[in-house]
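K.L.:
would you be able to build a 3D model of this:
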Amino acid sequence: MRIQFVGDLMCHNSQLLTAYDSKNRTYNFDRSFQWVKQKIENSNKSFGNLETTIPNHSSEYSGYPRFGTPPEFVKALSNSGFDILSTANNHSADKGSEAIDLTIDTVFKNEMIPVGTYKNQMDYETRRYFMFSENGIKFGLLNYTYSTNGIKVKDGRIVRLLNRELIEQDIHYLKTQDIDFIILLFHYGTEYSLEPDRSQKEWVNLGFMLGADIIIGGHPHVVQTFEKRISANSDGNVKEQFVAYSLGNFMSAQNMPFTDGGTFLNIDVSLDAKGNKKINHFSFEPVWVLPRGYQVIPIAEYQRGELGIILSKMEENRMKNYLDIFKKIIPR
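P.N.:
Now for the predicted structure:
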């Protein structure tokens, strides 16, 4: 059973301009993901962090600092094979209450699952715990963010924030549901820092102590390190836990060093004959965002000449610079 994670899915102003067809007055973001579509579709479940909102009117479309994106961006994610999108992040409230609702609706409309934001208390109680089964394995997924950038979440909307008591309650409930693997998606940390900060480590340690199996982080906009922790349960069985502190930018227009790319993280999990959880294998596959058209380039496939495209010497150098740093953070 393979689950796949990618990092932040953002949409800056230059991406809006690139995707816009002035003749038809429409947007199309499918080309951004054409080189990774098959890789996404090949996983059992694919997760991404939707770090933008879907506002009601095109006049609200904008990039940084308050993100508002056409629904066609979400459609492109669905067309590419994504299954689940985390929506609790520091930009969740950028365009107000109605955009929180429309973001949720748009993800559902495109046959994906949003986790982390809610229209009202009833919606929260209905969708608070996202659980699913695949290949006989039960998963529980929770998404939290450190902040909404000081923007107040109004009108009864809910963005799930990092809170010790809340995380404890959520994990406790999932345990009562006989969940095999508990996955936490944390939006936290220091932007552009290549090393996890103290707060990231504290939240991860808390999550593991409470019983999480896999923790995936976002927000720093650069790839950070990972850990696989192995310990013994009280019954003497081996306990395996995995954290990737940050997966970088899977799609964005950021161009500072090491912000112009991200990575796939593939994790193979199973249950043994006694029902013990196993993290059998994990792998990272770095990607780089080609600013000419904002396309996600799987670096290994490009280097093997499998994509049928040729980058300029300057583009290849930028991709190499990204890969050089990536290899230092994620050694083979």
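K.L.:
how about the contacts made by residue 166?
P.N.:
Going by CB atoms under 8 Å, 6 or more residues apart in numbering, residue 166 touches 144, 160. (Each C-beta comes from the backbone N, C-alpha and C, glycine too.)
K.L.:
three-state assignment of it?
P.N.:
Under DSSP: H, G, I helix; E, B strand; the rest coil, the three-state class of residue 166 is helix.
K.L.:
since we're on the spatially closest residue to residue 117 that is not a sequence neighbour, how many residues are nearby?
P.N.:
Spatial nearest neighbour of residue 117, chain neighbours left out: residue 87 (4.3 Å); criterion: CB to CB, 6 or more residues apart in numbering. Applying other CB atoms under 10 Å, we find 27 residues neighbouring residue 87.
K.L.:
what are the phi and psi values for residue 144?
P.N.:
As for residue 144, its main-chain torsions (degrees, to the nearest 10) stand at phi -140, psi 150.
K.L.:
for it, which non-adjacent residue is spatially closest?
P.N.:
Counting by CB to CB, 6+ apart, the residue nearest residue 144 is residue 162, at 4.5 Å.
K.L.:
and the pLDDT at that neighbour?
P.N.:
You'll see residue 162 listed with a pLDDT of 98.
K.L.:
tell me how far it lies from residue 312.
P.N.:
Residue 162 sits 42 Å away from residue 312, going by CB to CB, to the nearest Å.
K.L.:
so between these two, which is more surrounded?
P.N.:
residue 162 (18 against 10).
K.L.:
residue contacts, the residue nearest to residue 144?
P.N.:
Residue 162 neighbours (CB under 8 Å, 6+ apart): 144-146, 186, 188, 203.
K.L.:
any chance of JSON lines for those, columns distance to residue 215 and neighbour count?
P.N.:
Listed next are those as JSON lines, based on distance: CB to CB, whole Å; neighbours: other CB atoms under 10 Å:
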{"residue": "144", "distance to residue 215": "11", "neighbour count": "23"}
{"residue": "145", "distance to residue 215": "14", "neighbour count": "27"}
{"residue": "146", "distance to residue 215": "14", "neighbour count": "18"}
{"residue": "186", "distance to residue 215": "6", "neighbour count": "28"}
{"residue": "188", "distance to residue 215": "10", "neighbour count": "24"}
{"residue": "203", "distance to residue 215": "8", "neighbour count": "24"}
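K.L.:
max pairwise distance over those: which two?
P.N.:
Farthest-apart pair in the contacts of residue 162 is 145 and 203; separation 11.1 Å (CB to CB).
K.L.:
okay, and the common contacts of these two?
P.N.:
Shared contacts of residue 145 and residue 203 (CB under 8 Å, 6+ apart): 162, 186, 188.
K.L.:
do I have it right that the last one meets residue 198?
P.N.:
To tie it back to what came earlier, the one meant is residue 188. No: in this structure, residue 188 is not within contact of residue 198 by CB atoms under 8 Å, at 11.0 Å.
K.L.:
if we can go back for a sec, so which of the contacts of residue 162 is the closest to residue 247?
P.N.:
residue 186 (11.3 Å).
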